[in-house]
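A.B. asks: Pasting the sequence and the predicted model now:
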Amino acid sequence: MLNNFLNALFPETCPICRRPASDHKTAPVCTECWQSIRPYTGAKCRKCGRPLTSDASTICGDCLQDEPAFESARSFGLYEGALRKALNLLKYHNVIRLSKPLSDILLRIETPRVDAVLPVPIYKKRLRQREFNQSALLAKHLAKGTGSTLVLDSLVKMKDTKPQVGLSSNERRENMRNAFGIQNREAIEGKDILLIDDVSTTGATIRECSKVLKKAGAGSIHALTLAHGMMD
Ligand SMILES: [Zn+2]
Ligand SMILES: [Zn+2]
């Protein structure tokens, strides 16, 4: 009833399909668009979760060559369709209320019990420009949903990196080198960690964060992202 009441007062147009949106929970995105967000169920790397083009192998080339410091990384869906649009609305158009239904999607991924939930941080200057870190918003809901501690002051971004898109594998690694640092070490030392990011394009960010966290004494690390952006 509250739903109907709110919609009567504030009718909204779904920014994805331009039809009227009637579900307050996922607003401004309509129910039809939201329900089109589906988990990726194809072949994937058992270590980093990257979608694989064939199920002949169970591990991707990157993980074979250079084993990641994290225990596992998982994404919900592919970076396309309504999921991609919803993530862009959150990140670039400040539709902050989408962080709640997007976090509910993340909570559907099965993960082991952890002590702490950490978002992949953004650089200070960027945070001032954008006013919020979308991964921190997701991590906040995840911490609440899993009954773990939200840790925002431990993993920090030390330099303003270039976007990873369009860089070669070596350039990506170089770009991310020394990009993250640790403060307030006690918050992560010996702790099992859930690391949260919105999108994993190449996995380089999650890899680098995990390396730094493990070096500082973190326990197990499981990474969760909403969407995976690249086919192997
Ligand atoms: Zn729609
Ligand atoms: Zn992999």
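C.D. replies: Ah, there it is. Keep in mind the model is a prediction, meaning the values are calculated, not measured. Ligands and ions are numbered 1, 2, ... in the order given.
A.B. asks: Which helix or strand lies directly C-terminal to the helix or strand of the chain with the lowest mean pLDDT?
C.D. replies: Lowest by mean pLDDT, DSSP states H and E among the helices and strands of the chain is helix 2-9, with a mean of 63. Using DSSP states H and E, the helix or strand that follows helix 2-9 in sequence is strand 12-13.
A.B. asks: What's the mean pLDDT across that following strand?
C.D. replies: Summarised as a single mean, pLDDT over strand 12-13 is 86.
A.B. asks: Can you list the neighbours in contact with that strand?
C.D. replies: 19-21, 27-28 (Cβ atoms under 8 Å, 6 or more residues apart in numbering). The way it works is simple: take the backbone N, C-alpha and C, and place the C-beta from them, glycine included.
A.B. asks: Among those, which pair sits farthest apart?
C.D. replies: With Cβ to Cβ as the measure, no two of those lie farther apart than 19 and 27, at 12.7 Å.
A.B. asks: who's more crowded, these two?
C.D. replies: Legend: neighbour count by other Cβ atoms under 10 Å for residue 19 and residue 27, higher for residue 27 (21 against 11).
A.B. asks: any idea how far the more buried one is from residue 65?
C.D. replies: 44 Å (Cβ to Cβ, to the nearest Å).
A.B. asks: Same question for residue 138.
C.D. replies: Separation of residue 138 from residue 65 (Cβ to Cβ): 30 Å.
A.B. asks: In this structure, what residue spans correspond to strands?
C.D. replies: Ranges of strands in the chain, per DSSP state E, are 12-13, 20-21, 72-78, 116-119, 149-150, 155-157, 180-182, 193-200, 221-228.
A.B. asks: what's next to the fifth one, contact-wise?
C.D. replies: In this case it means strand 149-150. Contacts of strand 149-150 (Cβ under 8 Å, 6+ apart): 115-117, 139-140, 143-144, 187.
A.B. asks: Format those as a markdown table; extra columns: pLDDT, neighbour count and distance to ligand 2.
C.D. replies: Compiled in a markdown table, the contacts of strand 149-150 are given as follows (pLDDT from 0 to 100; neighbours: other Cβ atoms under 10 Å; distance: Cβ to the ion, whole Å):
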| residue | pLDDT | neighbour count | distance to ligand 2 |
| --- | --- | --- | --- |
| 115 | 98 | 17 | 25 |
| 116 | 98 | 21 | 24 |
| 117 | 98 | 26 | 23 |
| 139 | 98 | 28 | 23 |
| 140 | 98 | 18 | 28 |
| 143 | 98 | 22 | 26 |
| 144 | 97 | 13 | 30 |
| 187 | 97 | 20 | 28 |
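A.B. asks: State the pair within these that is farthest apart.
C.D. replies: In the contacts of strand 149-150, two members sit farther apart than any others by Cβ to Cβ. They are 144 and 187, at 17.5 Å.
A.B. asks: what residues does this structure put near ligand 2?
C.D. replies: Residues of the chain lying close to ligand 2 (Cβ under 5 Å from the ion) are 45, 47-48, 50, 60, 63.
A.B. asks: Residue 171: how many residues sit nearby?
C.D. replies: Other residues close to residue 171 by other Cβ under 10 Å number 13.
A.B. asks: any idea how far it lies from ligand 1?
C.D. replies: Using Cβ to the ion, to the nearest Å, residue 171 is found at 37 Å from ligand 1.
A.B. asks: With residue 176 instead?
C.D. replies: Per Cβ to the ion, residue 176 is found 36 Å from ligand 1.
A.B. asks: cool, and residue 82?
C.D. replies: Per Cβ to the ion, residue 82 is found 8 Å from ligand 1.
A.B. asks: can you pull the contacts of that residue?
C.D. replies: By Cβ under 8 Å, 6+ apart, residue 82 lies in contact with 16, 29, 33-34, 36-37.
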